[in-house]
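Asker: Starting from these lines, generate the structure:
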Amino acid sequence: MRAVWWREVRELLLPGLGAVVALAALGVHWAIYVRPADRVAVFGVVGAGLGLFQGLLDRRRRDDGFFLHRPASALVLHGTRGLAALSWLLLGAGAFAAGLGYERARWAARSFAPASGFARYSDILVLREGDDAGTVTIPVGLPTSVLALLVAVTWAGWAATRFGVARPRRLLAVPVTGVATLGTWSFVARAPDAVAAAAIAGASGLAWAVWGLWDLAGDRR
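Answerer: Coordinates of the predicted model:
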């Protein structure tokens, strides 16, 4: 299975590197700016970008002789391909942490005046709050619940987009992708807090990933 994993890693090289760079930039950006809840969707977009490319590969893999004639079940083969994409996202998570840590180290002891009209946030992404003096203090790190939310939304964006793009019928690919991605985000955005949002995003991503794997394996399960 190492050959299958390595081949998929190589074929996802450009979108994978793009996801890593984007997540590193987000880590730097999120370290010093207030982010309202709707900006969490940016992480889903990063995951969706990788899912788009892998979904296009999935369309070719259905009849690929490299996979059809290997002595392993289709579930194992396509599951290994999924792990290759998740390897890129895991590397991206490390890049996000590195960017966040680097910028936090530079700003940890500082505070700055908020933009005009700043108010306390009560969305699912409570990162910073204004104090009585009207300044914004940068905390040591992001809450665990928020980190879980960012990871889950990235994962869900990848799984939902990959599932939609990989539809055998091209005319269905666009509407299914739209319903899968926007529908998932609609539920996540309505969550009352970061914990619930992370749970919804994680469960949705798992559902799309399992459904997509089952579909790709087809009769060769």
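
Asker: Show me where this protein has its strands.
Answerer: All strands of the chain, identified by DSSP state E, fall at 111-112, 136-137.

Asker: Buried residues, the longest helix that the chain contains. List them.
Answerer: For the chain, the helix reaching the highest residue count under DSSP state H is reported as helix 74-107. Residues of helix 74-107 classed as buried by neighbour count (16 or more other CB atoms under 10 Å): 74, 77-82, 84-86, 88-89, 91-93, 95-97, 99-100, 103-104. From N, CA and C alone the C-beta is placed, and that goes for glycine too.

Asker: List the residues that contact the nearest residue to Val195 once chain neighbours are set aside.
Answerer: Closest residue to Val195 apart from its sequence neighbours, by CB to CB, 6 or more residues apart in numbering: Ser145 at 4.9 Å. For Ser145, the contact set (CB atoms under 8 Å, 6 or more residues apart in numbering) comprises Asp193, Ala194, Val195, Ala198.

Asker: From the residues you listed, list the buried ones, please.
Answerer: Ala194, Val195, Ala198.

Asker: Redo those as TSV? Include distance to Gly16 and pLDDT.
Answerer: Listed next are those as TSV, based on distance: CB to CB, whole Å; pLDDT from 0 to 100:
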residue	distance to Gly16	pLDDT
Ala194	27	81
Val195	29	87
Ala198	24	92
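
Asker: Need those in JSON lines (columns: distance to Ala22).
Answerer: Formatted as JSON lines, the buried ones among the contacts of Ser145 follow (distance: CB to CB, whole Å):
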{"residue": "Ala194", "distance to Ala22": "21"}
{"residue": "Val195", "distance to Ala22": "25"}
{"residue": "Ala198", "distance to Ala22": "20"}
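
Asker: wait, which of those is closest to Arg61?
Answerer: Arg61 lies nearest to Ala198 out of these, by CB to CB, at 30.6 Å.

Asker: my guess is that closest one meets Thr144, correct?
Answerer: No - counting by CB atoms under 8 Å, Ala198 does not reach Thr144; the two are 9.6 Å apart.

Asker: give the contact list for the residue nearest the centre of the chain.
Answerer: The centre of the chain sits closest to Thr154, judged by CA atoms, centre = their mean, with a distance of 1.2 Å. Shown in contact with Thr154 (CB under 8 Å, 6+ apart): Leu23, Phe43, Gly44, Val46, Gly47, Leu89, Gly92, Ala93.
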